[in-house]
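1. Prediction below, plus the sequence it came from.
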Amino acid sequence: KNHPTSDVRTFLKLLLAFGLTLFITDYVLGSGLAYYYGKQTSGTLYRTSYAIDSTRAEILIAGSSRANHHYDAPLLAMKFGKTVYNTGRDGQGFLYSAAIISAAIERYTPTLLILDIAPDELAIDEKERLTCLLPYRNRPNIKPYIDYMGDFQQIMLFSKTYPYNSILSSIIAG
């Protein structure tokens, strides 16, 4: 018969091997997802990245789906003779817009900022909606919005794959 301490040692070795395998797999998959997330050239996720990292449009539009669908950036650009970028995103609200605006104005100052807020948006708890900002968790201007989501998010962010949870198809499409 095996001694009980040898069973415990075997269990601990297997647990350590499992933990190490899980850590390496998470690191490799998360790094790959981060790489491809940053290489997108179209789609909703790309538009968020472009708004945070690249746009220098003179007129910046922010808001939820109403901003996204009701402001025609090319038409406004033609009408005003200025560059226009619409950062509106379906299903998002004021906090998402605030995060995008804070990231953009850290890089440059738009001539005009149009912020479309529906009256009921300020009464909605947006914590769950901010998960789309998780890939930007290391950005100082985005971090306060992720911190607002709660302490549990900070624990989950030890995983490198967690920020890309449920957006694999969007990453592939973009």
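-> Everything's here; your move. Numbering: from 1, shown residues only.
2. And the helices in this protein, which stretches?
-> Along the chain, counting by DSSP state H, helices occupy 4-38, 44-53, 65-70, 73-80, 94-107, 143-148, 151-156, 168-173.
3. How far off centre is the longest one?
-> Averaging C-alpha positions (C-alpha atoms, centre = their mean, to the nearest Å) puts helix 4-38 25 Å from its chain's average.
4. between that helix and helix 44-53, how big is the angle?
-> 80 degrees (axes from the mean of the first three to the mean of the last three C-alpha atoms, to 10 degrees).
5. In this structure, which residue is most central in space?
-> Centroid-nearest residue in the chain, with C-alpha atoms, centre = their mean: Leu133, separated by 2.2 Å.
6. surely that residue meets Ala99?
-> Yes - judged on C-beta atoms under 8 Å, Leu133 makes contact with Ala99 at a distance of 5.7 Å. Placement of C-beta: from N, CA and C, glycine included.
7. what is in contact with those two at once?
-> Here Leu133 and Ala99 have 142, 145 as joint contacts, going by C-beta atoms under 8 Å, 6 or more residues apart in numbering.
8. still on that earlier bit, which of the helices of the chain sits closest to Glu121?
-> Closest approach to Glu121 among those (C-beta to C-beta): helix 94-107, 5.2 Å.
9. Averaged pLDDT, that closest one. What do you get?
-> The pLDDT scores in helix 94-107 average 94.
10. tilt between it and helix 44-53?
-> 50 degrees.
11. Tell me how many other residues crowd Leu76.
-> 17 (other C-beta atoms under 10 Å).
12. what's across from Asn86 in the sheet?
-> Counting by DSSP bridges, Asn86 is bridged to Ile61.
13. looking at it, it is touching Ala67, isn't it?
-> Yes - with contact defined as C-beta under 8 Å, Asn86 counts as touching Ala67 (6.6 Å).
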